[in-house]
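Asker: okay, here's the prediction I keep looking at, along with the sequence it came from:
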Amino acid sequence: MVESNAVTMRSAVVTSADGALRRRLISNLNGMRWQVREAGGGAEAMALLDDEVPEVLLLDHWLPDLEVSEFAHRIQQMFPAMDLLDMNGEALTGGRGGPRRMELQHVLRAAANARELQQPRGAPEESSAGVVAALRSPSPPVPEIEGMVGSSAMLREMARMVALVAPRSTTVLIAGETGTGKELVAQAVHRWSTRSSKPFAVLNCAAIPEALLEAELFGHTRGAFTGAVQSRTGRIEAANGGTLFLDEIGEMPLALQAKMLRFLECGELQRVGENDVVHVDVRVVAATHRDLERQVDEGKFRMDLYHRLAVFVVEVPALRERREDIAPLAENFLAQMGKSSPRKRMSAAFLAGLESFEWPGNVRELRHVLERAVILAEDSPTLELEHLRLRRERRD
């Protein structure tokens with residue numbers, strides 16, 4: 001029984017916006033028989049601690065949503081028995097102390113090793129003092145957006161912009177072509193915010209008939225319209241305290257745009273068929289593949305709503321603008337497909353064909369092309385140029 005309790009106590013939460021660091025550190029700790037959970041920010045870590053308090057919380061020197069010193073002080077007050085350590089091996093709280101000292105030293109060494117593994121191949125080895133100095137660097141790491149593969153400068157800059165705006169309640173407009181991953185960006189805004197433990201509601205404005213869109217957004221009472229056999233809560237109200245993601249906001253009808261503007265300005269909504277006003281606290285993140293400024297000029301989108309939505313604009317780069325990410329993206333997709341069938345490899349000619357295409361459908365189209373190539377390759381372990389089927393560009 002004592003042995004079982006000891007194993008149960010060997011638990012940690014790793015908190016860092018650096019996804020690569022988290023993965024390496026978790027690998028080290030798992031090898032030492034630690035049970036590890038991970039958080040990309042302070043709010044996510046708090047949610048994990050509400051579920052179960054670990055023995056150790058490892059904390060990076062920068063978080064995308066909370067100021068580290070304030071977060072550490074709050075954690076110390078709420079969980080005085082938990083050891084709080086930073087990534088350079090310094091204890092931020094006393095915690096349990098002596099009885100676990102040897103194991104905590106292992107944790108600190110694992111943290112240092114995880115940082116050292118991030119050095120480029122061929123780089124000179126750093127001393128432990130050098131590792132500590134690097135950890136104290138004022139430049140925060142660029143966080144990774146979960147689900148988005150690549151390390152191009154444009155992708156990293158976009159992630160930095162998301163990390164800047166996520167902790168605030170600012171309305172965000174995500175602009176980008178179809179298939180670039182705008183919903184993944186919206187999820188990151190929510191996950192790195194202080195609202196991460198609250199709902200994340202999604203509504204695609206292009207996927208719902210115009211006659212039903214208002215009821216989906218604001219809710220309705222029983223009998224408000226034909227087919228309304230019972231009252232229903234709208235997406236806005238369902239997201240109370242959290243984030244509402246409005247995908248394809250450019251498809252929203254003009255009549256509904258006015259009502260949406262009022263909600264953004266006042267935080268008030270009226271369910272369809274009801275006179276009472278409901279107050280909610282919701283952060284709105286919108287996305288579009290259209291040029292909203294052009295739609296404003298053409299009278300298809302309200303100027304006041306556009307300016308209310310575009311307080312902070314995040315541009316998602318097209319795949320042709322970050323061609324260096326095509327190879328790792330393709331490998332990632334092939335690895336996923338290889339879980340249910342033999343893993344395929346790409347020939348040099350096949351990869352060159354991928355990298356030379358313009359990708360009007362972006363990442364989504366890349367996945368479809370690879371899936372088609374895997375089918376065409378049949379039993380061949382390698383994807384050749386003959387398996388590459390790309391759509392022809394349209395000509396006017």
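Answerer: Now that the structure is in, tell me what you want to look at.
Asker: I'd like to know which helix or strand in this structure has the lowest mean pLDDT.
Answerer: Least confident helix or strand, the chain: helix 128-135 with a mean of 37, by mean pLDDT, DSSP states H and E.
Asker: contacting residues around whichever helix or strand comes after that one?
Answerer: Sequence order places helix 153-165 as the next helix or strand after helix 128-135, per DSSP states H and E. The contact list for helix 153-165 (Cβ atoms under 8 Å, 6 or more residues apart in numbering) reads 17, 64, 140, 142-145, 148, 172, 185, 188-189, 192, 312, 314-317, 321-322, 325. Just so you know, the C-beta spots here come from the backbone N, C-alpha and C atoms, and that holds for glycine as well.
Asker: would you mark the buried spots in helix 153-165?
Answerer: Across helix 153-165, burial judged by 16 or more other Cβ atoms under 10 Å covers 154, 155, 156, 158, 159, 161, 162, 163, 165.
Asker: nearest to residue 245, of those residues?
Answerer: residue 162 (13.4 Å; Cβ to Cβ).
Asker: roughly how far does the closest one sit from residue 279?
Answerer: As judged by Cβ to Cβ, to the nearest Å, residue 162 and residue 279 stand 28 Å apart.
Asker: dihedrals phi and psi, residue 194?
Answerer: For residue 194, the backbone dihedrals are phi -70, psi 0 (criterion: degrees, to the nearest 10).
Asker: surely it meets residue 242?
Answerer: No. If you go by Cβ atoms under 8 Å, residue 194 and residue 242 don't touch, sitting 10.3 Å apart.
Asker: just for this protein, where's the confidence low?
Answerer: For the chain, the stretches with pLDDT under 70 are 1-9, 88-89, 93-142, 220, 222-231, 273-274, 392-396.
Asker: spatially central residue for it, please.
Answerer: Closest to where the C-alpha atoms of the chain average out (Cα atoms, centre = their mean) is residue 188, at 2.7 Å.
Asker: in which helix or strand does that residue reside?
Answerer: With DSSP H and E as the test, residue 188 turns up in helix 182-191.
Asker: could you give the separation of that helix from the chain centroid?
Answerer: Computed by Cα atoms, centre = their mean, to the nearest Å, the chain-centroid distance of helix 182-191 equals 5 Å.
Asker: tilt between it and helix 153-165?
Answerer: Angle of helix 182-191 versus helix 153-165, following axes from the mean of the first three to the mean of the last three Cα atoms, to 10 degrees, is 30 degrees.
Asker: following element in sequence after helix 182-191, please.
Answerer: Counting by DSSP H and E, the next helix or strand C-terminal to helix 182-191 is strand 200-204.
Asker: which parts of that next one are buried?
Answerer: In terms of neighbour count (16+ other Cβ under 10 Å), strand 200-204 has its buried residues at 200, 201, 203, 204.
Asker: right, and residue 288 touches residue 178 too?
Answerer: No. Residue 288 sits out of contact with residue 178 when judged by Cβ under 8 Å, with a separation of 10.1 Å.
Asker: which of these two has more residues huddled nearby?
Answerer: residue 288 (24 against 14; other Cβ atoms under 10 Å).
Asker: quick one: contacts for the nearest residue to that one once chain neighbours are set aside?
Answerer: Leaving aside its chain neighbours, residue 288 sits nearest to residue 250 (4.3 Å; criterion: Cβ to Cβ, 6 or more residues apart in numbering). Going by Cβ under 8 Å, 6+ apart, residue 250 touches 205, 288, 289, 290, 292, 295, 300, 301.
Asker: quick one: the helices in the stretch 1-150 of the chain?
Answerer: 2-9, 19-31, 42-51, 68-78, 101-116, 128-135 (DSSP state H, counting those that start in this stretch).
Asker: a strand runs through the residue nearest to residue 288, doesn't it?
Answerer: No. Read with DSSP: H, G, I helix; E, B strand; the rest coil, residue 250 is helix and lies in no strand.
Asker: check the gap between it and residue 294 for me.
Answerer: Residue 250 is 10 Å from residue 294, by Cβ to Cβ.
Asker: now residue 312
Answerer: 20 Å.
Asker: quick one: which of those two has more around it?
Answerer: Legend: neighbour count by other Cβ under 10 Å for residue 312 and residue 294, higher for residue 312 (17 against 11).
Asker: buried ones in stretch 33-49, by neighbour count?
Answerer: Across stretch 33-49, burial judged by 16+ other Cβ under 10 Å covers 34-46, 48-49.
Asker: equivalent analysis for stretch 352-364, please.
Answerer: Neighbour-count burial for stretch 352-364, counted by 16+ other Cβ under 10 Å, picks out 353, 354, 357, 359, 361, 362, 363.
Asker: which residues touch the residue lying closest to residue 373 once chain neighbours are set aside?
Answerer: Closest residue to residue 373 apart from its sequence neighbours, by Cβ to Cβ, 6+ apart: residue 387 at 4.2 Å. Applying Cβ under 8 Å, 6+ apart, we find residue 387 in contact with 350, 373, 376, 377, 380.
Asker: report the buried members of those.
Answerer: For the contacts of residue 387, buried by 16+ other Cβ under 10 Å: 350, 373, 377.
Asker: residue 255: which of these is nearest?
Answerer: Nearest to residue 255, judged by Cβ to Cβ, of those is residue 373 at 45.6 Å.
Asker: which SS class is the closest one?
Answerer: Secondary structure state of residue 373, per three-state DSSP, is helix.
Asker: quick one: it and residue 347 touch, right?
Answerer: No. Using Cβ under 8 Å as the test, residue 373 is too far from residue 347 to be in contact (10.7 Å).
Asker: nice, that's everything, thank you.
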